[in-house]
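Peer 1: compute the structure for the input listed below.
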Amino acid sequence: MTERSLRADRMHTRRKVRQISFQSGITFVTVIFVLLAFIPIFLMLFLSLKNQSQFYANLWAIPNPPQWKNYDAAWNQLIRNMLNSVATVSVGTLLIVSLSAMSGYVFARLEFPLKNFLFMLMLALMMVPGVLTLTPSFKLIQRLGLKNTWWALWLPWASGGQVMGMYLCRTFISGQPASLFESARIDGATEFKAFFYIAIPLAKPILATLVVMNMISLYGDFIWPLLVIESNTRQVISVAIQTYSSSTGMTDYGAMIAGFVMATVPLLIMFMFSSRLYIEGITSGAVKA
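Peer 2: The predicted model follows:
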């Protein structure tokens, strides 16, 4: 082996070592950031197993013994509210996704007067902070006699949540081949059939993205349910946990945090079943021009 080939082999080895070192460094930093992101979850699980005396004695000490009864207490009082949240969020998300898909299809595939103007007008609503609409929305719900009913949650959620969904669906459906819809019309398909049998199946990734985004947003909504729902039997979990913490006149931190842990379970289950489509929608439909 000549000296030139030996030198080339050494350079190749050094380059490979540098690449491995760089990749190892990137992996190490990524693992650190992932662990930092999970610290609040671990801390929540850790604190949910403490009683009042353990909280005040040493907050960071290992629970000894673990107070599993905190979960039993939280379950008995908050299960109804958790089911309320699942029901209201499911219906609210269904309304938002349905309206978003239909309006997105209309703006993507149909031609009508002032189409672009109306689309820009809808997008302009995204510039209005939600906090500015709280008072007029509350007065409207009050005058309609819907206060303390789930319609007071569903209607504002559906009207306010479909704007972003309409934009994403319109962008995604615009990127679908126009020849598919033209062929369907030639074969005699109505617009509804073209929407239901062509647009919807192809738009599953972006619809799954909308489902996950809206379920997380609606499930964690606190201010609006606090304003319009008065009865604890109709209240959602995000508000009921705060009520639970003061129902006995003294904050039971362990049971309250156990309630937080329980409240995250429906979202985790939902994300486990929809994560693939959600990631596919984020990486394709949401950025497609």
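Peer 1: for stretch 127-136, give me every contacting residue.
Peer 2: 160, 223-224, 227 (CB atoms under 8 Å, 6 or more residues apart in numbering). For glycine as for every other residue, the C-beta is placed from the backbone atoms N, C-alpha and C.
Peer 1: now do that stretch: distance from first to last residue.
Peer 2: 17 Å (CA to CA, to the nearest Å).
Peer 1: from the chain's centroid, how far away is it?
Peer 2: Distance, stretch centre to chain centre, for stretch 127-136: 21 Å (CA atoms, centre = their mean, to the nearest Å).
Peer 1: repeat for stretch 103-114
Peer 2: For stretch 103-114, the distance to the chain centre is 27 Å (CA atoms, centre = their mean).
Peer 1: quick one: the helices in this structure, in order.
Peer 2: For the chain, the helices defined by DSSP state H cover 3-47, 52-57, 69-109, 115-124, 134-143, 151-174, 178-186, 191-194, 200-202, 204-219, 223-228, 237-246, 253-283.
Peer 1: comparing these, which yields the minimum mean pLDDT?
Peer 2: Lowest mean pLDDT within the helices of the chain: helix 237-246, at a mean of 75.
Peer 1: gap between stretch 115-123 and the chain center?
Peer 2: With CA atoms, centre = their mean as the basis, stretch 115-123 stands 26 Å off its chain's centre.
Peer 1: now stretch 75-84
Peer 2: With CA atoms, centre = their mean, you get 21 Å for stretch 75-84.
Peer 1: what residues of it count as buried?
Peer 2: For stretch 75-84, burial by neighbour count (16 or more other CB atoms under 10 Å) applies to 77-78, 81-82, 84.
Peer 1: got it, and stretch 165-174?
Peer 2: Here stretch 165-174 shows 165-173 as buried, counting by 16+ other CB under 10 Å.
Peer 1: check stretch 14-24 too.
Peer 2: Applying 16+ other CB under 10 Å to stretch 14-24 flags no residue as buried.
Peer 1: distance between that stretch and the chain's centre?
Peer 2: With CA atoms, centre = their mean, you get 38 Å for stretch 14-24.
Peer 1: kindly report the same for stretch 11-28.
Peer 2: Distance of stretch 11-28 from the chain centroid (CA atoms, centre = their mean) equals 38 Å.
Peer 1: same deal with stretch 177-193?
Peer 2: Using CA atoms, centre = their mean, the distance between the centre of stretch 177-193 and that of its chain works out at 33 Å.
Peer 1: what does that stretch rub up against?
Peer 2: With CB under 8 Å, 6+ apart, stretch 177-193 has contacts from 109-110, 194, 197-199.
Peer 1: you'd agree residue 126 is up against residue 163?
Peer 2: Yes - if you go by CB atoms under 8 Å, residue 126 and residue 163 touch, sitting 5.5 Å apart.
Peer 1: if you count surrounding residues, which of the two has more?
Peer 2: Using other CB atoms under 10 Å as the criterion, residue 126 and residue 163 rank with residue 163 on top: 18 against 10.
Peer 1: wait, that one touches residue 124, no?
Peer 2: No - counting by CB under 8 Å, residue 163 stays clear of residue 124, with 9.3 Å between them.
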